[in-house]
Each structure stands twice: as C-alpha cells, then as structure tokens.
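> Using only what follows, build the 3D model:
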Amino acid sequence: MTRTVEQRFAWLTRAASSVTARSWNHVGTQVAFYAKTLVEMRTAFGRYGKEILRLVAQMSLGTGALAVIGGTVVIVGFLTLSTGAVIAVQGYNQLSGIGVEAMTGFISAYVNVRIISPAVAGVGLAATIGAGATAQLGAMRIADEIDALEVMAVRSVAYLVSTRVVAGVVVVIPLYCIAVVCAFQAARFGTTGIYGQSTGVYDHYFHTFLNSTDLLWSFVTVITAAVAIMLVHTYYGYNARGGPAGVGEAVGHSVRTSLIVLTLIVLAISLSVHGQSGHFNLSG
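This next block holds a predicted model:
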C-alpha cells in the first residue's frame, strides 16, 4: 500500500513537471518567434514595401463590400461612439444625483483618454485586423502556401508576418485619432444635445481637464498594444495546425490571448505613468 501511494505521488510529480516544462517551452517558442518577427521588419521595409502598402489599405478600409460597412475604421468608430454615449448617459445621470452634472465634460476628458479609448481601440483591433491576420495565415499554412514560399527562397516570416505587424501599427495611428474624436463627440452630443446641458459649460470643463500629455501617453499605449496584438495573432496563424478546424481554434486562442495582453498593457502603462495620484488636482 505504501509503495502504491509513493508511486502515485511520484507519477503526479512527474506529470506536473512535464506540464510545466511544456508550458515554458511554449512560452519560449513564442518569444523566439516574436523576436524573429521584429528582426525581420528591416527586411520587410527593404524588400516588401508594396506588400505593406497593400496590407495597410486592406486593414484600414477593407475590400469589396467591407469597404462600405465592415472596414476597421467603421467598426472602431462605432465602438467608440457607443462608449462615448455611455459616458454621457452614466456620467450625467450619476453626477446630477449630487448636483455636479456640469462635470460631465471632465469625465469625458479624463476617462476617455486614459482608459476607455485605448482599451476599446485595442479590442476593435484584435477583433478585426488581428483575427483576420490569424485566419489568413492559418489558411495559408494548411494549404501549404507558406511551405511553398520557403521552397522558393522567400523569407516567409518577413513577407507574411513582419509586414502585417508593420501594417497594423501604421493603421492604428489614424485609426486611434478617429476613435478618440468619435468618443469625444458622442459624449458631447449626448450631454448637450440630449440632456440639454449648455455647450459652454461642457466645453469649459472638457478643455480645462483635457491634458495633452495624457493624449500622448494614450497613443503610446495603443501603439504598444497594437504591436503586441499583431505579434500574438500572427504567431497563432503562422503556426496553425489541423485543417480548417485548426484555423478556427487558432483564431479563438489568438483573440483570447490578445485581449489578456491588451488588458495587461493598459493596466501596466496606466499604473506606471499615472501612479497613485493620477496627476489630478481639483481645487476651487
């Protein structure tokens, strides 16, 4: 009986060690792939400039019917419009309960820039550009197109992966400008147009608390998140296995991982930049 218990304990220990080792090996494989992708960006700029431009056009506005209703610009614009409207509804109603509804402009300038707009833009990027990149690369992998490129001496990581990471970062800059403007305008319209607050009062508090430094850090957050999201999605697409079902699983895993990474990046940069005080002082 004693040997049986000891054998079971030893087996469980070996199994746990094996799972831990495989997990760390998987992390190491991902990190090596990310490092190779970043190094190959120089080749992407030097040899595949036309491919980068094509991907930028495809990612930003889409192709065919998607250019009208489903491009990334349209999707992210609607997402940020909805969040700006939520700020107007919740901010005005909650602040009016304590008699300071005039501060709704402050809520828009403070919360939109620091938390909501970067997070929503990252979610839109992962759900549209990122998932599309995973599906494209996964379909190419199971169709042996990536192997065919390597047989023809084409550097597949530079041509397929690095170009998509560069295009995603290029797209996210004007995309985030549109997102921030949509969030600001939706909050302003909801507060002044629907609830009837004076535009002068709203604009006064909005411009008083809108900090240009916060906007710059917001852009840094989004660009960092875009690089991480595109790296995650291209990794899962490039290494997809198991036929069409494997591509679907790769898309699911990539979206899940990228959303976790996005949350961690927004949290880490917000804590490191704004700290405990938040660089906010309200005085009469």
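> how many neighbours does residue 34 have?
Using other Cβ atoms under 10 Å, residue 34 is surrounded by 18 other residues. For the C-beta atoms, the positions are set from N, CA and C on the backbone; glycine is no exception.
> That one reaches residue 235, doesn't it?
Yes: using Cβ atoms under 8 Å, residue 34 is in contact with residue 235, at 7.0 Å.
> Need the per-residue pLDDT for residue 70.
Here the pLDDT value assigned to residue 70 is 54.
> go on, residue 36?
89.
> Where does it sit, in terms of helix or strand?
Under the criterion of DSSP states H and E, residue 36 resides in helix 2-39.
> and what of residue 79?
helix 72-96.
> can you check residue 118 too?
Counting by DSSP H and E, residue 118 is part of helix 117-125.
> name the helices or strands packed onto that helix?
helix 72-96, helix 163-188, helix 212-238, helix 243-274 (3 or more Cβ pairs under 8 Å, 6 or more residues apart in numbering; DSSP states H and E).
> CSV please, covering those helices and showing mean neighbour count.
Compiled in CSV, those are given as follows (neighbours: other Cβ atoms under 10 Å):
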stretch, mean neighbour count
helix 72-96, 19
helix 163-188, 22
helix 212-238, 22
helix 243-274, 17
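> quick one: which of those is nearest residue 204?
Of all the helices and strands packed on helix 117-125, helix 163-188 sits nearest to residue 204, with 12.3 Å by Cβ to Cβ.
> Past that closest one, which element shows up next along the chain?
Going down the chain from helix 163-188, the next helix or strand is helix 199-209, by DSSP H and E.
> starting at the chain centroid, how far to that following helix?
How far helix 199-209 lies from its chain's middle: 30 Å, per Cα atoms, centre = their mean, to the nearest Å.
> try stretch 132-145
Mean-position distance between stretch 132-145 and its chain equals 21 Å (Cα atoms, centre = their mean).
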